[in-house]
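1. With the input below, show me the fold.
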Amino acid sequence: MAAVEVTAGIIIIGNEILSGRTQDSNLKHLAIELNEWGIRVKQAIVIPDIEATVISTLQAYSNAYDYVFTTGGIGPTHDDITAECVAKAFDEELIQHPEIASLIRSRPAEPEVMESRLLMARVPQSAGLIDNPTGGPQGFYIRNVYVMAGIPFVMQAMLSSLKDKLRGGARIHSRSVTAFLGESQISRTLGAIQSRFPSVDIGSYPFSKDGRYATNLVIRGTDESLLDQTLTEICQLIEAAGETPLDIEVG
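-> Residues are numbered from 1 along each chain as shown. This next block holds a predicted model:
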């Protein structure tokens, strides 16, 4: 029986990411954690704070994947438009959630500051909440879309609260090996191995070290026995090319 695959798409929202002023680390954390839960990230995208772009991307990803995770754009400023866009994407009214609003009001502030903070209490009418173990305002979810903060430690806390609450499939495992060989030296034989093992993904990542070309080969899939067979053939390929397989890792 074929392994069940549960898929995800990730949408990173924010002009600051696209400008290079802020370096995103959320994608790496999401991809690693979701894989541990048996949810395979199939696509990720970084988009600007433009309403039409956010709405169309949300709709496309929601239709394409089992789960969608967004980060960014749920703060108190004028360019934090994610909640509004999610509501429009699913044709829902945007409301002030009483639980989030109560949490925000528990921290006294000047009226103007409080008014800005309460923007973070806006969610689509049918949304459920994502816990925020940091003590700040919660994230929310609607249908298969999970909306979280862009600040990495807050996003990570929100994501941790979803563990064991989402449907997972077969976990993706990996094998990797390094060789002091250029990609062009092994490309043809590597392609033949990939053809013999179509259900595994073989990635080739070149780099240089000590003035020599080298390649890191990563094998990913759900069937560990197939991964081991593929790794054996790749190691034989490396040895046939006159080099020694190095840094073999199992994940």
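
2. From here on, just use CA atoms for contacts and neighbour counts.
-> Will do.

3. Tell me the secondary structure at residue 190.
-> helix (DSSP: H, G, I helix; E, B strand; the rest coil).

4. Could you do residue 159 as well?
-> Assigned with three-state DSSP, residue 159 falls in the helix class.

5. Let me know the pLDDT of it.
-> You'll see residue 159 listed with a pLDDT of 98.

6. same question, residue 170
-> For residue 170, pLDDT reads 87.

7. That one belongs to a strand?
-> No: using three-state DSSP, the secondary structure at residue 170 is coil, not a strand.

8. number of nearby residues for it?
-> When neighbours are defined as other CA atoms under 10 Å, residue 170 has 19 of them.

9. got it, and the one 5 residues further on?
-> Other residues within reach of residue 175 by the criterion other CA under 10 Å amount to 19.

10. Just give the closest residue to residue 228, not the sequence neighbours.
-> Once flanking residues are discounted, residue 228 sits nearest to residue 175: 7.6 Å by CA to CA, 6 or more residues apart in numbering.

11. who's in contact with the helix or strand hosting the one you found?
-> Assigned by DSSP states H and E, residue 175 falls within strand 173-179. Strand 173-179 is contacted by residues 214-224, 227-228, 231, 235, 238, 243-251 when judged by CA atoms under 8 Å, 6 or more residues apart in numbering.

12. which residues sit in contact with residue 216?
-> By CA under 8 Å, 6+ apart, the contact list for residue 216 reads 176-179, 204-207.

13. could you dump these to a markdown table with distance to residue 163?
-> Output for the contacts of residue 216, formatted as a markdown table (distance: CA to CA, whole Å):
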| residue | distance to residue 163 |
| --- | --- |
| 176 | 27 |
| 177 | 31 |
| 178 | 33 |
| 179 | 37 |
| 204 | 32 |
| 205 | 31 |
| 206 | 35 |
| 207 | 36 |
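
14. Can you go through the residues you listed and name the buried ones?
-> Buried subset of those (neighbour count, 16 or more other CA atoms under 10 Å): 176-179, 204, 206.

15. can you give me the strands for the stretch 1-150 of the chain?
-> Here the stretch 1-150 of the chain has its strands, by DSSP state E, counting those that start in this stretch, at 6-13, 39-47, 67-71, 94-96, 122-124, 128-130, 139-142, 145-148.

16. Pipe those strands into JSON lines and attach mean neighbour count and mean pLDDT per row.
-> Listed next are these as JSON lines, based on neighbours: other CA atoms under 10 Å; pLDDT from 0 to 100:
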{"stretch": "strand 6-13", "mean neighbour count": "23", "mean pLDDT": "97"}
{"stretch": "strand 39-47", "mean neighbour count": "18", "mean pLDDT": "97"}
{"stretch": "strand 67-71", "mean neighbour count": "24", "mean pLDDT": "98"}
{"stretch": "strand 94-96", "mean neighbour count": "17", "mean pLDDT": "97"}
{"stretch": "strand 122-124", "mean neighbour count": "25", "mean pLDDT": "97"}
{"stretch": "strand 128-130", "mean neighbour count": "18", "mean pLDDT": "98"}
{"stretch": "strand 139-142", "mean neighbour count": "22", "mean pLDDT": "98"}
{"stretch": "strand 145-148", "mean neighbour count": "26", "mean pLDDT": "98"}
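
17. Let me have those strands in CSV, extended by distance to residue 171.
-> Supplementary listing: the strands of the stretch 1-150 of the chain in CSV, determined by distance: least, CA to CA, whole Å:
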stretch, distance to residue 171
strand 6-13, 9
strand 39-47, 7
strand 67-71, 16
strand 94-96, 36
strand 122-124, 32
strand 128-130, 24
strand 139-142, 24
strand 145-148, 21
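
18. looking at these, which is closest to residue 24?
-> Evaluated over those, closeness to residue 24 peaks at strand 6-13, with 8.5 Å, by CA to CA.
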